[in-house]
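# Got a sequence here, can you build the structure:
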Amino acid sequence: MTATTNSVSAKAAVPAHIRANRVTRSLLGYGMLAGPFYVAVSLAQALSRDGFDLTRHAWSLLANGEHGWIQVTNFILTGLMVLAAAAGLHRALPGTPWVARLVGVYGAGLVAAGLLRADPAMGFPAGTPEGPGTVSWHGLGHLAAGGVGFLSVIVACFVLARRFSREGRRGWAAYSRVSGALFLVGFAGIASGNSAPALTLGFVAAVLVIWAWLAAVSSKLYRALPCR
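Below is the predicted model:
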């Protein structure tokens, strides 16, 4: 009884805003984790699965074949982490709700992209004919989910850049704008339907850029919140 009373008393002694900050920091932590998790799982498959070529194949194609469930799970878990990060951004950026909303749409798009599997194409998985192949209803849904999610996170970069500019944080504003612009260029290249290695690898680089941006912003906001 005494131990329980002491525990309740200790909890009550922590100011409410500190408890709130701890929750926010926990949510923002997922923004730092999501990108490395997604990239590590995707690259591990890309380098080990028979017939996958990083210069020709989009990572979404990894959702096909015997081990496709790994990439499906990767999309869903990463999307859930991004949704948690969006909740953290909402709490950490009062007055700028659209950053969190747009990042949340990106997270939801990742979950949907996992549930709506991309179609086999370009000779992957092994045995698939060369070329873009036939687009199914779930393949079309995968493309739509990705497109909406990508555009949303691009806009989020520019919305946050505007807030940073108002606060006089010119470096962060420029970083957000450049990240959004680079991801837009990479996405436009892959959305053109051209499977040239330069465009495929360019999109991979753009994905790394946007994950780095989310991790950096989450880390900045995380460190700005006192927890004691």
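
# Skipping its backbone neighbours, what lies nearest residue 55 in space?
For residue 55, ignoring the flanking residues on the chain, the nearest one in space by C-beta to C-beta, 6 or more residues apart in numbering is residue 197 at 3.9 Å. For every residue, glycine as well, the C-beta is placed using N, CA and C.

# same deal with residue 126?
residue 51 (4.0 Å).

# okay, now the one you found: neighbour count?
14 (other C-beta atoms under 10 Å).

# what kind of secondary structure is it in?
When classified by DSSP: H, G, I helix; E, B strand; the rest coil, residue 51 comes out as coil.

# Next one: the residue nearest to residue 55, what pLDDT does it get?
Looking at residue 197, its pLDDT is 90.

# For residue 190, see how far away it is.
Going from residue 197 to residue 190 by C-beta to C-beta, to the nearest Å gives 12 Å.

# Between those two, which has more neighbouring residues?
Ranked by neighbour count (other C-beta under 10 Å), residue 197 and residue 190 place residue 190 first, with 20 against 11.

# quick one: what helix or strand has that one in it?
Using DSSP states H and E, residue 190 maps to helix 170-191.

# would you put the C-alpha positions of that helix in CSV?
C-alpha atoms of helix 170-191 as CSV (Å, rounded to 0.1, in the frame of the first residue of the first chain):
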residue,chain,number,x,y,z
ARG,A,170,16.8,30.2,-42.2
GLY,A,171,19.0,27.2,-42.2
TRP,A,172,16.2,24.9,-41.3
ALA,A,173,13.8,26.6,-43.7
ALA,A,174,16.3,26.2,-46.6
TYR,A,175,16.9,22.5,-45.6
SER,A,176,13.2,21.8,-45.7
ARG,A,177,12.7,23.5,-49.0
VAL,A,178,15.6,21.7,-50.6
SER,A,179,14.4,18.3,-49.2
GLY,A,180,10.9,18.8,-50.6
ALA,A,181,12.2,20.0,-54.0
LEU,A,182,14.6,17.0,-54.3
PHE,A,183,11.9,14.5,-53.4
LEU,A,184,9.6,16.2,-55.9
VAL,A,185,12.2,15.8,-58.7
GLY,A,186,12.9,12.2,-57.8
PHE,A,187,9.2,11.4,-57.7
ALA,A,188,8.5,13.1,-61.0
GLY,A,189,11.3,11.0,-62.6
ILE,A,190,9.9,7.7,-61.4
ALA,A,191,6.3,8.7,-62.1
